[in-house]
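Enquirer: Below are the sequence and a predicted model; questions follow.
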Amino acid sequence: MDNSLSRDVQMQFMRPGQLEAAARAFPVVYVPFGLIEWHGRHMPLGNDALKAHAILVKCAEQFGGVVYPPQWLHAGFDQEHLVPVYADLFARLKGTGFRVIIGVSGHNVQEQIQMIERALEPVTADGTCIGVGLWEVTLSQCDESNTDHAAKWETSNMMFFYPDRVDMAELGDEPIELDMSPPHGIGGLDPREHASAEVGMRNVELAARAIGRKARELLDSLAPEHRQFGIEAIRPGHWWMV
């Protein structure tokens, strides 16, 4: 697996005909979630959404489907207002013809998944589409696939996908408290000893494969008449925007 991210599965780069062809072939849309948050001095602030988005692109390259742009609003915002916004987004994706909606958060707190699943409830209630909220490693967690906070796993992911955005020299040589405490804010195994692009690549392989298999499983769980692209066409008169 290489670290390139195909634009052919990213919705914002697709032409209408490409979107329609992809949705007809495999009517699954993946929505990455994250936030802007401290991830050590050595890591990009947008790690969580960047990680989820990149893993989903690798998933779509292998299994099919389309990746929606990363979502940066998170469970720390007022859920009374935010959940209806994401319910509206998911309804619009359903109205684009997708039958499976998979929301994947790279911010590994339960509240993120609860936000996604609450927003999916009204959209999937009629049984014509199905959805789920996951962390990027919910389905792949093992000795070779896991997560943390700016430590071995997250640093490895960024070293694989965005090596120019990681600066290990920022961590220096001093001892680090690896319990999320100040001043480092890192939780997990010391990335200076345990992180590498190779670790990240294997984590990505397993996570992307597990999410893709889940997508197939969810699509197959729908009634046969609801497993196909759900609108007549991607063109004015049938669809305009999401």
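Expert: Okay, I see it.
Enquirer: Apart from its neighbours in sequence, what residue is nearest Pro122?
Expert: Once flanking residues are discounted, Pro122 sits nearest to Ala87: 5.5 Å by C-beta to C-beta, 6 or more residues apart in numbering. Placement of C-beta: from N, CA and C, glycine included.
Enquirer: what about Phe13, neighbour count?
Expert: With neighbours defined by other C-beta atoms under 10 Å, the count for Phe13 comes to 12.
Enquirer: doesn't Glu117 make contact with the residue nearest to Pro122?
Expert: No - Ala87 is beyond contact range of Glu117, at 10.8 Å (criterion: C-beta atoms under 8 Å).
Enquirer: Neighbours of Asn47, how many?
Expert: Asn47: 27 surrounding residues under other C-beta under 10 Å.
Enquirer: Can you identify each of the strands in this protein by residue range?
Expert: 28-33, 66-67, 100-105, 130-135 (DSSP state E).
Enquirer: need the ones you listed in CSV with mean neighbour count, can you?
Expert: Output for the strands of the chain, formatted as CSV (neighbours: other C-beta atoms under 10 Å):
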stretch, mean neighbour count
strand 28-33, 28
strand 66-67, 28
strand 100-105, 28
strand 130-135, 22
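Enquirer: so which of those gets nearest Gln112?
Expert: strand 100-105 (4.0 Å; C-beta to C-beta).
Enquirer: mind listing what that closest one pairs with, with the direction of each?
Expert: strand 28-33 (parallel), strand 130-135 (parallel) (DSSP bridges).
Enquirer: Would you map the helices across the chain?
Expert: 16-25, 47-63, 79-94, 110-124, 152-161, 191-194, 197-221 (DSSP state H).
Enquirer: Quick one: closest of these to Met168.
Expert: Comparing the helices of the chain against Met168 with C-beta to C-beta, the closest turns out to be helix 191-194 (6.3 Å).
Enquirer: what packs against that closest one?
Expert: In this structure, helix 191-194 makes packing contacts with helix 152-161, judged by 3 or more C-beta pairs under 8 Å, 6 or more residues apart in numbering; DSSP states H and E.
Enquirer: tell me how far the helix it packs on is from the chain's mean position?
Expert: How far helix 152-161 lies from its chain's middle: 15 Å, per C-alpha atoms, centre = their mean, to the nearest Å.
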